[in-house]
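>>> Make a model of this:
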Amino acid sequence: MRIRQSINQSFAILTIPAVTMTVVAYFADYGLLGPQGILALADTEARLGLAQSQLRQVEDEHLRLAHRVALMEQPRADGDLVEELARGMLMDGAPGQVALRRDMR
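A predicted model of the protein is given here:
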């Protein structure tokens, strides 16, 4: 009887530390190996660098297109830009077709 009571008492005393260690181990594992853990940091930084590079390219393209739009929205559109757009539209043909400029005399 005394042995059984001693075993039950020891089990009750060791339950709280065992549960606590299990919870700590779970969160430590998640902090190291999880999708946002320390080991995933290098991959996340690499993806961030790639995304920032793509953002700079898109911003540069936006500035270039905004400049072209500003040239077209002036009271008198830029002649060179109008000619460039017209040539692009008129010289386009179906795939395999060749467009040649004709000099008008």
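
>>> Ramachandran angles for Trp76?
Not quite, residue 76 is Arg, not Trp. Dihedral pair for Arg76: phi -120, psi 110, per degrees, to the nearest 10.

>>> per-domain residue ranges of this protein.
Listed by automatic domain parsing, the domain ranges of the chain are 1-33, 45-89.

>>> Stretch 64-83 - what's its average pLDDT?
Averaged across stretch 64-83, the pLDDT comes to 85.

>>> What's the end-to-end length of it?
End-to-end distance of stretch 64-83 (C-alpha to C-alpha, to the nearest Å): 18 Å.

>>> And stretch 68-84, by the same measure?
OK, stretch 68-84 end separation, C-alpha to C-alpha: 11 Å.

>>> try stretch 66-83
18 Å.

>>> Distance from it to the middle of the chain?
Distance of stretch 66-83 from its chain centroid, counting by C-alpha atoms, centre = their mean, to the nearest Å, is 34 Å.

>>> Ok, stretch 70-85 next?
35 Å.

>>> Check the offset of the worst-scoring helix or strand of the chain on mean pLDDT from the chain's centre.
Lowest by mean pLDDT, DSSP states H and E among the helices and strands of the chain is helix 79-90, with a mean of 78. Centroid displacement of helix 79-90 relative to its chain, using C-alpha atoms, centre = their mean, is 36 Å.
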